[in-house]
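Peer 1: Kindly return the folded structure for what I paste below:
(one chain, ligands or ions: 1)
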Amino acid sequence: MTEWWEREDLHFRDGVLTFAGRRVDDLARQFGTPTFFYNSRRIVANVERLRSALHEAGLGDRSGIKYAMKANRFAPLLTHLRGTGLVGIDACSPNEVEHAIGCGFSAEDISFTATSLSNRDLERLSRINGLSMNCDSISTIRRWGRLGPGRDIGIRVNPALGISRAQNEKLQYSGVNTTKFGIYREQFAEAVAVAKDFGLTIKKIHFHTGCGYLTAQLGIWDSIIDSCLWFVDQLDSVEVINVGGGLGVPHVAEDAPLDLTRWAGILAGHFRNRPQSIEIEPGDFLAKDTGILLLTINTVEKKMETTFVGVDAGFNLAVEPAVYGLPFHPVPALRLPGDCRTVTIAGNINEALDVWYANIAMPPLEEGQTLALINAGAYSSAMASNHCLRGEFKEFLLT
Ligand SMILES: Cc1ncc(COP(=O)(O)O)c(C=O)c1O
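Peer 2: Residues are numbered from 1 along each chain as shown. Take a look at the predicted model:
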């Protein structure tokens, strides 16, 4: 393995890119582009890596994983995950809950955490028996309590501390700036009082403070847990602590992967002597490196000092590079002989931000060639839009 992103199920062999045991140029020839391919084995391997780290840290018996389906809700992928019996679901809208149930999960497998819920949303959710509801505002606690007094609930809290890859503010859900997510310390007593008014028992404390964190951010992760345990200690009814998702994967060669042993060790340090069980709800960590997006190069042209490589899909099919500045590394399906040169990979949408990767050294690229964008398994197809009426794509789960 020579490239930073190569691994057993994604690598070059004699200049030919293979993914999930298939030649990538062959996948493009058979199914066309733009197309997402997901490796069913990789997502399960990612679940297993997380489970082993928790197990080795002594948390195996009292931790559970809820896959954040907002990352990728492709039905065959969800059905496949359900079949493993290893994960539940984190859902954030009534439609997500119904979709998860349609893919074989039961309501009891689902932890629900959402924001700005309407009465119509709450009424729909209220009819689903067994759903684990986490309220992220006092208004939601009150309206949920009116619909069904006496139930168990979770409360999403906001520790005013955030975490993300390279501390990218766009990926933080909590921090210096006040956000819409969760209940702050300053409002917590009121939230508890409103829950009491409706006979609701607060069984879970939930926090999710940002996305994409890696080893470099583990110190902040430690402080966030510490600060969220303040909320747990205000109550004697909490049985579950949901520590959210946010675990990241490398996007560039310089990103040190998340050290799962250290990550789980930090959790164990906080929870070893506590009675509560732990929930984790990762999306990115499980799904992102499971997927690639195949594109066809249609234009290679030098404009002033920049060589642009135009492809047949734009940021509307995978918004993270343009919106969050998270690069998706491009890899040619066939590595042509010759020296690398610096190019800019651009999409087919009429917007200046529609650049997949600026100034990257790539082996020779030609019009008609297939290009793979790695790390396209999360927050890509799930967030795709039909902007410029260029919303068409295909998706396949490779088994
Ligand atoms: C409440 C909640 N949980 C979990 C996640 C999953 O985050 P990630 O994909 O970064 O693990 C999100 C993402 O937005 C979220 O809002």
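Peer 1: what does the host helix or strand of T342 rub up against?
Peer 2: Element membership for T342 (DSSP states H and E) is strand 341-346. Contacts of strand 341-346 with the rest of the structure, by C-beta atoms under 8 Å, 6 or more residues apart in numbering, involve 300, 306-311, 330, 354-362, 364-365, 371. The way it works is simple: take the backbone N, C-alpha and C, and place the C-beta from them, glycine included.
Peer 1: Just the ones of those in strands?
Peer 2: Secondary-structure check on these using DSSP state E: residues within strands are 300, 306-311, 330, 355-362, 371.
Peer 1: how close does the spatially most distant residue from the centre of the chain sit to N359?
Peer 2: Outermost residue of the chain with respect to the C-alpha centroid, by C-alpha atoms, centre = their mean, is M304; its distance is 38.0 Å. In this view, M304 and N359 are 13 Å apart by C-beta to C-beta, to the nearest Å.
Peer 1: beta partners for the closest residue to the ligand within the stretch 51-200 of the chain?
Peer 2: When distances are taken as C-beta to the nearest ligand atom, the stretch 51-200 of the chain approaches the ligand most closely through A68, which lies 3.5 Å from it. Legend: beta-bridge partners of A68 under DSSP bridges are D90.
Peer 1: what do you get for F396?
Peer 2: If you apply DSSP bridges, the partners that F396 bridges to are F37.
Peer 1: show me what contacts it?
Peer 2: The contact partners of F396, taken as C-beta under 8 Å, 6+ apart, are 31, 35-38.
Peer 1: ok, back up a step: list the buried residues for the strand holding T342?
Peer 2: Of all the residues in strand 341-346, those buried under the rule 16 or more other C-beta atoms under 10 Å are 343-346.
Peer 1: Could you do stretch 196-205 as well?
Peer 2: For stretch 196-205, the neighbour count (16+ other C-beta under 10 Å) marks 198, 200, 202-205 as buried.
Peer 1: Pipe the buried residues of strand 341-346 into JSON lines and attach distance to A189 per row.
Peer 2: Shown next, in JSON lines, are those (distance: C-beta to C-beta, whole Å):
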{"residue": "V343", "distance to A189": "57"}
{"residue": "T344", "distance to A189": "53"}
{"residue": "I345", "distance to A189": "52"}
{"residue": "A346", "distance to A189": "53"}
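Peer 1: Closest to the ligand out of the residues you listed?
Peer 2: For those, the residue nearest the ligand by C-beta to the nearest ligand atom is I345; the value is 24.3 Å.
Peer 1: which residue packs closest to that closest one, ignoring adjacent ones?
Peer 2: Ranked by C-beta to C-beta, 6 or more residues apart in numbering and with sequence neighbours excluded, the top spatial neighbour of I345 is W356, at 4.1 Å.
Peer 1: That neighbour: how many residues sit nearby?
Peer 2: The number of residues packed around W356, counting by other C-beta atoms under 10 Å, is 26.
Peer 1: Which residue ranges make up the domains of the protein?
Peer 2: Listed by automatic domain parsing, the domain ranges of the chain are 10-39+288-398, 40-287.
Peer 1: List, one by one, the residues from this protein near the ligand.
Peer 2: Proximity of the chain to the ligand (C-beta under 6 Å from any ligand atom) is limited to residues 68, 70-71, 90, 113, 208, 211, 244-247, 281-285.
Peer 1: Out of the contacts of F396, who's the most crowded?
Peer 2: Y38 (26 neighbours).
Peer 1: ok, of the contacts of F396, which one's closest to V240?
Peer 2: Y38 (29.8 Å; C-beta to C-beta).
Peer 1: and the closest residue to that closest one other than its chain neighbours, how many residues sit next to it?
Peer 2: Beyond its immediate neighbours in the sequence, the residue positioned closest to Y38 (C-beta to C-beta, 6+ apart) is G291, lying 4.6 Å away. By the measure other C-beta under 10 Å, the count of residues near G291 is 29.
Peer 1: Please renumber the chain so that the first residue is 42 from this point on.
Peer 2: All set: I'll call the first residue 42, so the last point we hit is now G332.
Peer 1: Now do the contacts for G332.
Peer 2: The neighbours of G332, taking C-beta under 8 Å, 6+ apart as the test, are 77-80, 113, 416-419, 421-422.
Peer 1: doesn't V290 make contact with F326?
Peer 2: Yes: look at F326 against V290 with C-beta atoms under 8 Å: they come within range, at 6.3 Å.
Peer 1: Okay, strands next: where are they in the stretch 242-391 of the chain?
Peer 2: When assigned using DSSP state E, counting those that start in this stretch, the strands of the stretch 242-391 of the chain occupy the ranges 242-247, 281-283, 318-321, 332-344, 347-352, 371-373, 382-387.
Peer 1: partner strands of the fifth one, parallel or antiparallel?
Peer 2: The reference is to strand 347-352. Strands that pair with strand 347-352, judged by DSSP bridges, come out as strand 332-344 (antiparallel), strand 382-387 (parallel).
Peer 1: Generate CSV for those strands, with mean pLDDT as supplementary columns.
Peer 2: Listed next are the strands paired with strand 347-352 as CSV, based on pLDDT from 0 to 100:
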stretch, mean pLDDT
strand 332-344, 98
strand 382-387, 98
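Peer 1: Out of those strands, flag the one nearest T120.
Peer 2: Put simply, out of the strands paired with strand 347-352 the one that sits nearest T120 is strand 332-344, at 16.2 Å, with distance taken as C-beta to C-beta.
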